[in-house]
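K.L.:
Show me how the following folds:
(one chain, ligands or ions: 2)
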Amino acid sequence: MTVQRTFSIIKPDATKRNLTGAINAKFEEAGLRIVAQRRIHLSDEQAKKFYEVHAERPFYGELVEFMTSEPVVVQVLEGEDAVALHRKVMGATNPAEADAGTVRKDFALSIGENSVHGSDSAENAAIEIAQFFTEDQIVG
Ligand code: ATP
Ligand code: MG
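P.N.:
Ligands and ions are numbered 1, 2, ... in the order given. Here you go, the predicted structure:
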């Protein structure tokens, strides 16, 4: 087990419904430490770049439009096996398939408006963190 960092976004459907604190409480209860956090409004360019792996998917346009519709909270989370732990607390992409007590089961509205993003590997976490934070902005 090693201490890892992962990148998280509290998505527009959640910030709009004032769920930032409730979602952060689930992260902290699971043992994840919020070591950097900022509320921003993603630009079209930032959202397109962030989700460019999905550029060929039919939902890409809708996803970019959603992610730029309201503010988001970008975060760096730290903890033991943080990437996998965070994904576990988030729950399945589709809230209908998410386990009880997960963020998506409790808060997500649909497969698209699913309240949170989490990196899917340590390698992608490092890439995603660097898109939004400099090292001196992360205080572990
Ligand atoms: P994320 O990358 O946001 O953490 P994920 O890794 O669980 O989510 P991905 O397959 O990477 O899921 O999809 C990225 C995002 O695209 C999803 O979180 C969701 O917001 C949106 N998305 C995925 N599949 C669909 C779909 N079938 N219809 C609409 N939106 C979708
Ligand atoms: Mg993903």
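K.L.:
hey, where'd the strands end up in this protein?
P.N.:
Counting by DSSP state E, one finds strands in the chain at the ranges 3-10, 33-40, 72-80, 116-118.
K.L.:
Just put those in TSV and tack on mean pLDDT, distance to ligand 1 and mean neighbour count.
P.N.:
(C-beta placed from N, C-alpha, C; glycine too.) Converted to TSV, these look like this (pLDDT from 0 to 100; distance: least, C-beta to the nearest ligand atom, whole Å; neighbours: other C-beta atoms under 10 Å):
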stretch	mean pLDDT	distance to ligand 1	mean neighbour count
strand 3-10	98	7	23
strand 33-40	98	16	15
strand 72-80	99	11	22
strand 116-118	98	4	24
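K.L.:
Show me the one of those that comes nearest Pro95.
P.N.:
Taking C-beta to C-beta as the measure, these were each checked against Pro95, and strand 116-118 came out nearest at 10.8 Å.
K.L.:
Now do the closest one: which elements does it pack against?
P.N.:
Contact partners of strand 116-118 among helices and strands, from 3 or more C-beta pairs under 8 Å, 6 or more residues apart in numbering; DSSP states H and E: strand 3-10, helix 82-90.
K.L.:
Could I get these in a markdown table, plus columns for distance to Ala47?
P.N.:
Listed next are these as a markdown table, based on distance: least, C-beta to C-beta, whole Å:
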| stretch | distance to Ala47 |
| --- | --- |
| strand 3-10 | 10 |
| helix 82-90 | 19 |
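K.L.:
Which parts of this structure are helices?
P.N.:
Listed in chain order, the helices of the chain (DSSP state H) span 12-16, 20-29, 44-50, 60-67, 82-90, 103-107, 122-132.
K.L.:
right, and those helices - which one's nearest Asn114?
P.N.:
Among these, the nearest to Asn114 by C-beta to C-beta is helix 103-107 (5.2 Å).
K.L.:
tell me the average confidence for that closest one?
P.N.:
The pLDDT scores in helix 103-107 average 98.
K.L.:
surely Ala14 meets Asp106?
P.N.:
No - the pair Ala14 / Asp106 is not scored as a contact, 10.6 Å apart, by C-beta atoms under 8 Å.
K.L.:
So which bits of the protein are right by ligand 1?
P.N.:
His54, Phe59, Leu63, Thr93, Ile111, Gly112, Asn114, His117, Gly118, Asp120 (C-beta under 6 Å from any ligand atom).
K.L.:
Brilliant, that's me finished.
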